[in-house]
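In: Prediction below, plus the sequence it came from.
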Amino acid sequence: MKFTIVFAGLLGVFLAPALADYNINISDDDNSAGSGQQSVSVNNEHNVANIDNNNGWDSWNSIWDYESGFAATRLFQKKTCIVHKMNKEVVPSIQSLDALVKEKKLQGKGPGGAPPKSLMYSVNPNKVDDLSKLGKHIANMCRGIPTYMAEELQGESLFFYSGKCFETNILWIVNISFCGKTVEN
């Protein structure tokens with residue numbers, strides 16, 4: 001009987017952090033990186049990370065849905081939502097996101113640390129008709145606003161793009177650029 005109680009207690013101690021939600025706030029008080037204030041909320045139970053970037057007119061919100069494999073960024077100034085497949089070689093796993101963010105914050109590396117990885121996407125000008133195929137979390141965030149799919153640019157495509165891009169810097173871990181007519185206007 002005592003063994004069962006001890007085992008259940010230990011299981012709770014080790015399982016609780018795995019299912020916990022956590023929030024991390026990064027503030028760029030002098031706005032040297034141009035990011036304003038950024039916060040990350042991770043919900044391990046639903047396998048989702050939510051990134052909020054509050055920077056006036058350039059504010060945006062991003063959701064990384066690890067279950068569906070899609071990510072979406074809502075650009076408040078453009079009043080649009082851009083959805084793309086998550087590049088698992090660049091975007092940290094949900095398990096390592098907490099460690100990466102705490103390491104950057106606690107060590108004070110911020111914008112002075114190792115350079116973040118970069119991704120560039122071309123935004124398709126055709127609106128997404130069916131948000132449900134992108135997962136319920138993304139569908140809820142993008143419901144009611146024009147939503148577009150974006151495809152990652154790789155190799156030579158990166159050098160030949162000359163249009164304007166909207167850039168998101170996520171906690172000095174990854175820079176994501178969305179390029180195309182949808183973000184130029």
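Out: Great, that's in hand. Residues are numbered from 1 along each chain as shown.
In: Report the residue spans of this structure with pLDDT below the cut-off.
Out: Counting by pLDDT under 70, the ranges of the chain that qualify are 1-35, 98, 100-114, 155-163, 182-185.
In: which residues of it fall in helices?
Out: 2-19, 94-106, 136-142, 157-160, 181-184 (DSSP state H).
In: Packing partners of the strand ranked longest in the chain?
Out: Identified as the longest strand of the chain according to DSSP state E is strand 117-127. Counting contacts by 3 or more Cβ pairs under 8 Å, 6 or more residues apart in numbering; DSSP states H and E, strand 117-127 packs against strand 80-85, strand 147-153, strand 174-179, helix 181-184. To be clear about C-beta, it is placed using only N, CA and C from the backbone, and glycine gets the same treatment.
In: again, 7 Å this time
Out: strand 147-153, strand 174-179, helix 181-184 (3 or more Cβ pairs under 7 Å, 6 or more residues apart in numbering; DSSP states H and E).
In: Could you single out the most deeply buried of those?
Out: When you average the neighbours per residue for each of the helices and strands packed on strand 117-127 (mean count of other Cβ atoms under 10 Å), strand 174-179 leads with a mean of 21.
In: Compute the inter-axis angle for that one and strand 147-153.
Out: 110 degrees (axes from the mean of the first three to the mean of the last three Cα atoms, to 10 degrees).
In: Strand 174-179 packs against which elements?
Out: By 3+ Cβ pairs under 7 Å, 6+ apart, strand 174-179 packs against strand 117-127, strand 165-170.
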